[in-house]
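>>> Sequence and computational prediction follow.
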Amino acid sequence: MLLRFWKMHGLGNDFMVIDLVTQRARIPSQKISQWANRNTGIGFDQLLLVEPPSHPDMDFRYRIFNADGSEVENCGNGARCFARFVVDNHLTTKRDIRVETAGGPMTLHLADDQRVRVDMGPPRLTPDEIPFVAEVEATQYEVDVDGERVSLSAVSMGNPHAVVLVDSVDHAPVATLGPKLEAHERFPNRVNVGFLEVVSTHKARLRVFERGVGETRACGTGACAAAVAGIQQGLLESPVDITLPGGTLTLEWDGHQQSVIMTGPAERVFEGRIPL
Ligand SMILES: N[C@@H](CCC[C@H](N)C(=O)O)C(=O)O
């Protein structure tokens with residue numbers, strides 16, 4: 001069969017998006033890594049599936065797969081593209097869209113200026129919820145990496161994130177420390193690794209080495225986790241503009257138990273059909 005898809009991106013974090021509401025298909029995981037290949041496939045960081053909901057109070061089920069084929073709990077830039085996709089493909093007429101993900105429910109809102117505002121839900125900070133191996137919850141942990149001590153914050157936005165403070169993202173060890181922390185034994189489900197540079201109380205810069213992908217142009221959940229980590233340490237105040245290599249996201253967080261709100265763009269690149 002020929003499967004219809006859209007190629008989309010949020011600040012250069014790019015996606016293949018497939019409507020499985022009006023098309024029926026089962027996608028084998030080896031297809032995902034083939035399609036993700038930037039030389040021999042379509043090329044993307046994540047595959048997003050739009051499915052019917054399994055709960056009556058939800059509008060859609062939102063499933064996410066990394067380029068390596070692993071299914072993950074959440075994707076923030078993908079959530080904004082998901083909202084634009086379901087509206088532009090007339091799968092809903094709502095402007096506030098409730099989606100279920102493996103990381104919990106989220107609400108997506110299409111603003112008049114074409115940006116998308118996403119209620120990402122509250123961050124989870126206890127070691128068990130992340131999951132992260134530690135005796136007690138703290139805002140900073142010391143982790144041994146090849147005999148060196150690295151200070152980091154650990155935050156779950158449905159998916160796990162480590163946030164490392166750096167003086168400058170331009171010189172951050174993204175390509176070396178990123179993969180070591182991604183596979184570190186204290187993160188049993190692996191982890192996304194953000195390198196955060198605080199510019200002022202309302203501005204920061206961030207680079208993210210994503211679990212199952214490598215460094216991406218932007219990571220929405222990574223920006224949420226970085227804002228939470230910075231606010232918790234008293235270095236940042238809500239709202240925060242976080243600039244990633246692909247552009248800027250706005251994050252709002254009013255503290256414990258409150259949702260993180262992320263606002264940013266979502267763009268369609270092209271549409272196509274691919275044999276399955
Ligand atoms: N690009 C994403 C995050 C995608 C999932 C991540 N790589 C993981 O494994 O958790 C975002 O915008 O949040």
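Yep, that arrived.
>>> beta partners for residue 2?
Beta-bridge pairing of residue 2 under DSSP bridges involves residue 275.
>>> ok, now which ones touch it?
Taking Cβ atoms under 8 Å, 6 or more residues apart in numbering, we find residue 2 in contact with 273-276. Backbone N, C-alpha and C define where each C-beta goes, glycine included.
>>> same thing with residue 232?
Residue 232 makes contacts with 139, 153, as judged by Cβ under 8 Å, 6+ apart.
>>> mind checking pLDDT for it?
With respect to pLDDT, residue 232 has a value of 98.
>>> related to what we said a few turns ago, out of the contacts of residue 2, which comes closest to the ligand?
Ranking these by separation from the ligand, with Cβ to the nearest ligand atom as the measure, puts residue 274 on top at 21.5 Å.
>>> now the helices for the stretch 1-150 of the chain?
With DSSP state H, counting those that start in this stretch as the definition, the stretch 1-150 of the chain shows helices at residue ranges 29-36, 76-88.
>>> What residues sit buried inside the helix or strand harbouring residue 206?
Residue 206 is part of strand 203-210 when elements are defined by DSSP states H and E. Within strand 203-210, the residues that count as buried by 16 or more other Cβ atoms under 10 Å are 204-210.
>>> near the ligand, which residues of the chain?
13, 45-46, 66, 72, 75-78, 159, 192, 210-213, 216, 219-222 (Cβ under 6 Å from any ligand atom).
>>> at 5 Å instead, please
The interface of the chain toward the ligand, taken as Cβ under 5 Å from any ligand atom, is made up of 13, 72, 75-77, 159, 210-212, 219-221.
>>> Reformat those residues as TSV; add pLDDT.
Formatted as TSV, the entries for those read as follows, by pLDDT from 0 to 100:
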residue	pLDDT
13	98
72	97
75	98
76	98
77	98
159	97
210	98
211	98
212	96
219	98
220	98
221	98
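>>> Generate a ChimeraX selection restricted to the buried entries among those.
Command for ChimeraX that selects the buried part of the residues of the chain next to the ligand, burial taken from 16+ other Cβ under 10 Å:
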select :13,72,75,76,77,159,210,211,212,219,220,221
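>>> returning to what we had before: for the contacts of residue 2, which one is nearest residue 88?
residue 273 (17.3 Å; Cβ to Cβ).
>>> what sits against the closest one?
Applying Cβ under 8 Å, 6+ apart, we find residue 273 in contact with 2-5.
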